[in-house]
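Enquirer: fold the stuff below for me.
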Amino acid sequence: MVVEIGATLTIADVVAAAAHAARVTVAPRSRPAVSASRAFVERLVAGGAQVYGITTGVGRFSTVKISPADAETLQINIVRSHAAGVGPALATESVRAMMLLRAHGLALGCSGVRAEVIDLLVECLNRGIHPVVPEQGSVGASGDLAPLAHLALALIGEGEVVVAGRPQPASQALAAAGLTPLHLGAKEGVALVNGTQLMTGIGAVTIHRARQVCGMADVAGAMTLEALQGRSAAFHPRLHDARPHRGQQAAASNIVRLTQDSALIDGAPDRVQDAYSLRCLPQVHGAVKDAVAHSGGVIEVELNAVTDNPLLFPDDELVLSGGNFHGQPVALALDYLTVAMAGLGGIIERRVERLLNPVLSGLPASLARDGGLQTGLMLAQYTAAALASENKVLAHPASVDSIPTSANQEDHVSMGASAARKAALVVRNLEQLVAIEMLCGAQAIEFRAGARLGSGTAAAYRAVRDVIAPLSDDRALAPDLAAAASLVRDGGVLKAVESAIGVLQ
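Expert: Numbers count the residues shown, from 1 in each chain. As a prediction, the model looks like this:
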């Protein structure tokens, strides 16, 4: 797959470039706009116009005039001074997403940079030269200033990069690849460090994973429903047509398809209705699907937005200094995603408890073959509880906070980078929670030996058992939990299910 910047990007494009190292190219049709905006910058500098970040300082120093002779020094100083990140380095996947989106935003032709800036970013992506970017330091207002400055620092041959897993000086890596560091011109430093590319890049990859984990939550929930001989009435389409939320209808349809032809569903005829964690699965899972869809829509818009400052519109001779770098839309969307994911984790943990509690399940305690001598999967619920509770803490919205920066010139900030990092962690925890339910559901099915499973759940059960053996004697659970999480994250179970019954909604 080839990802083309300067045209229109999708979340799938970001995932391909960030997670799968797809080759990146620049859309030829974007180059005239890039050239035109660059020529406009050069006319502004030559004419002595007062333009923020080009012939003035930035932030608190926006009233300080900069002479044309100092224009290049200003841009280098902006990059160096803004590289103030702290904490662990971002994962390569996140850095690649940032690089892609920064190059794409510049290629849309409103930023005034030379084509060489975009081309060097693309070359670094394609050659696996990844700047070392600390994960903390952005307040998400003038965009992700500190993280983007660390990215830009590598382009001028300073700071560190990682190549093939090895940290090394950026100057050394560029030289080894036959690439020349940038000598920044007017506007180029401020264009590189202004923007929402950290929060949006992490957000795009997180949305992709959230979509996948929502499908897997339906699969794991269907396995639990079967193992507990749940009632089918709660998933009848007429019920959900009476409350036609799209996600709710999709979740109910998925459960019906997953459990089709099951001999276990409705296997407890004396039970009038199930507990909420089973009966309300479509309503809860469906609301989460709708939240993911909304958040994904916001991210898709932001992927193709120009978010540095000022923006240049050479056709109209306009230089507009505004606030497109402010991360509030992304921060709110990712906070919404995080709250939804935390809620999904809560209902999953309750179903895990229901599987392991003999009073609620009618199955052996902790799904152990010889309870008492064996502990079975008891501790899997402890782990699920820990993850679900951690997600509740992380669900506190970052976007409700603001703290002024730059001597109160930047007096309202979004905390969008914090929202993105929290969302990514919550989704990772949720992947493990789904894996725990799937593992417990498979073990519970062992006690329904010989009963026919649904078309989709049978495929899921086989995919799990191809990797993880049933629990006959106590063993360390950590390897099983890790293997189950890998099956969720790499899509192995979902692929098996969709091969059997078609794509889930």
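
Enquirer: any idea which element the residue nearest in space to the middle of the chain lies in?
Expert: Most central in the chain under CA atoms, centre = their mean is residue 206, positioned 1.3 Å from the mean C-alpha point. Using DSSP states H and E, residue 206 maps to helix 197-227.

Enquirer: C-terminal to that helix, what's the next element?
Expert: helix 237-241.

Enquirer: just the buried residues of that next one, please?
Expert: Across helix 237-241, burial judged by 16 or more other CB atoms under 10 Å covers residue 240. All C-beta spots, glycine's among them, are computed from the backbone N, C-alpha and C.

Enquirer: tell me what that helix is packed against?
Expert: Under the contact definition 3 or more CB pairs under 8 Å, 6 or more residues apart in numbering; DSSP states H and E, helix 237-241 sits against helix 246-258.

Enquirer: chain center to the helix it packs on, what's the gap?
Expert: 24 Å (CA atoms, centre = their mean, to the nearest Å).

Enquirer: what do you get for stretch 234-254?
Expert: 27 Å.

Enquirer: how about stretch 341-361?
Expert: On CA atoms, centre = their mean, the centre of stretch 341-361 falls 25 Å from the chain's centre.

Enquirer: same deal with stretch 413-426?
Expert: Distance, stretch centre to chain centre, for stretch 413-426: 10 Å (CA atoms, centre = their mean).

Enquirer: hang on, the earlier thing: ok, the residue nearest to the centre of the chain to residue 338 distance?
Expert: 9 Å (CB to CB, to the nearest Å).

Enquirer: could you name every residue contacting both of the two?
Expert: residue 423 (CB atoms under 8 Å, 6 or more residues apart in numbering).

Enquirer: what does the model give the residue nearest to the centre of the chain for pLDDT?
Expert: Residue 206 is assigned 98 on the pLDDT scale.

Enquirer: just checking, it touches residue 430?
Expert: No. Using CB atoms under 8 Å, residue 206 makes no contact with residue 430, being 10.6 Å away.

Enquirer: quick one, domains of the chain?
Expert: In terms of domains, the chain is parsed into 2-195, 208-304+327-404+411-501 (source: automatic domain parsing).

Enquirer: between these, which one is closest to residue 320.
Expert: domain 2-195 (9.1 Å; CB to CB).

Enquirer: measure that closest one end to end?
Expert: 24 Å (CA to CA, to the nearest Å).

Enquirer: thought residue 89 was touching residue 132?
Expert: Yes. Between residue 89 and residue 132 there is a contact under CB under 8 Å: 5.1 Å.

Enquirer: joint contacts of the two?
Expert: residue 162.

Enquirer: which residue is the nearest non-sequential neighbour of residue 417?
Expert: residue 138 (3.7 Å; CB to CB, 6 or more residues apart in numbering).

Enquirer: again, but for residue 332
Expert: Nearest non-adjacent residue to residue 332, counting by CB to CB, 6+ apart: residue 399, 5.1 Å away.

Enquirer: just for the stretch 51-200 of the chain, where's the confidence low?
Expert: Within the stretch 51-200 of the chain, no range satisfies pLDDT under 70.

Enquirer: at 80 what do you get?
Expert: 57-63, 69 (pLDDT under 80).

Enquirer: report the buried residues of the helix holding residue 206.
Expert: Neighbour-count burial for helix 197-227 flags 197-210, 212-227 (criterion: 16+ other CB under 10 Å).

Enquirer: count of neighbours near the nearest residue to residue 158 once chain neighbours are set aside?
Expert: Take residue 158 and drop its neighbours on the chain: the residue closest to it by CB to CB, 6+ apart is residue 170, 6.0 Å away. Residue 170 has 22 neighbouring residues, counting by other CB atoms under 10 Å.

Enquirer: same deal with residue 47?
Expert: 10.

Enquirer: any idea of the pLDDT on it?
Expert: pLDDT, residue 47: 84.

Enquirer: phi, psi for it please.
Expert: Note on residue 47: backbone dihedrals following degrees, to the nearest 10 are phi -90, psi 0.

Enquirer: in contact with it, which residues?
Expert: With CB under 8 Å, 6+ apart, residue 47 has no contacts at all.

Enquirer: relative to residue 68, how far out is it?
Expert: For residue 47, the distance to residue 68 - CB to CB - is 10 Å.

Enquirer: swap in residue 367?
Expert: Separation of residue 367 from residue 68 (CB to CB): 74 Å.

Enquirer: more neighbours, those two?
Expert: Neighbours per residue (other CB under 10 Å) separate residue 367 from residue 68, with residue 367 holding more: 28 against 14.

Enquirer: separation between that one and residue 95?
Expert: Counting by CB to CB - residue 367 and residue 95 are separated by 42 Å.

Enquirer: now do the helices in the stretch 301-450 of the chain.
Expert: Residue ranges of the helices in the stretch 301-450 of the chain, as given by DSSP state H, counting those that start in this stretch, are 328-356, 358-361, 378-394, 416-446.

Enquirer: counting contacts, what elements does the second one pack onto?
Expert: The helices and strands touching helix 358-361, judged by 3+ CB pairs under 8 Å, 6+ apart, are helix 328-356.

Enquirer: go on, the last one?
Expert: Using 3+ CB pairs under 8 Å, 6+ apart as the contact definition, the elements that helix 416-446 packs against are helix 197-227, helix 328-356, helix 378-394, helix 455-465, helix 478-489.

Enquirer: that helix to helix 328-356, inter-axis angle?
Expert: Per axes from the mean of the first three to the mean of the last three CA atoms, to 10 degrees, the angle that helix 416-446 makes with helix 328-356 is 20 degrees.
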